[in-house]
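# Can you look at this prediction? I've put the sequence above it.
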Amino acid sequence: MIPLKAPIGYFLVGVLTLFFVIACSEKGPPQISIKWPQMLVEGDSGAAFMVIFNKGKGSDRLKSCTVKEYPQLTCELHDIVKGRMQLVRDFEVPAGETLELKPGGRHLMLFGLPEKLQGEITIVLHFEKTGDVPVKTGVVR
Ligand SMILES: [Cu+2]
């Protein structure tokens, strides 16, 4: 009995080890960084663009945004689908990938901006796992 059971035991240990190695290699914390933020303003609304990097081993999700200096502002996540701007629930940022927020594609949309807004504002990105990431964003009129 023992010689029969032992190989099965080794086999199971092997399978479990392999399972954990695979599971651990695919999971880990996301590592979010932001580059080239910019907001184009027209009237009291603005479209913000930037590049979001995730160099970590886990995916993350941008759930919402706010503006530090103007907490009352509405900040939405938008995408352009078939030429039409649409409100979306979140942006996924897969592990090891880059999410570009750019004209003609996904972007952040701000409504109710102060009339004479200039210089820069701090857009706070709220990620599912990473939490809040403040992004100093230059304003272009
Ligand atoms: Cu928009």
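Ah, there it is.

# Every contact and neighbour count from this point should use C-alpha atoms.
Fine.

# The residue lying closest to Asp90 once chain neighbours are set aside in helix, strand or coil?
Distances taken as Cα to Cα, 6 or more residues apart in numbering place Lys63 nearest to Asp90, at 4.7 Å, with adjacent residues excluded. Assigned with DSSP: H, G, I helix; E, B strand; the rest coil, Lys63 falls in the strand class.

# now what about the helix or strand containing Val124, what contacts it?
Per DSSP states H and E, Val124 falls inside strand 120-127. For strand 120-127, the surrounding residues in contact (Cα atoms under 8 Å, 6 or more residues apart in numbering) are 60-69, 131-139.

# that older thread, what's the spacing between the residue nearest to Asp90 and Ser45?
Taking Cα to Cα, to the nearest Å as the measure, Lys63 falls 20 Å from Ser45.

# again, but for Gln86
15 Å.

# Looking at those two, which is more packed in?
Higher neighbour count among Gln86 and Ser45: Ser45, with 19 against 14, using other Cα atoms under 10 Å.

# Okay then, goodbye and thanks.
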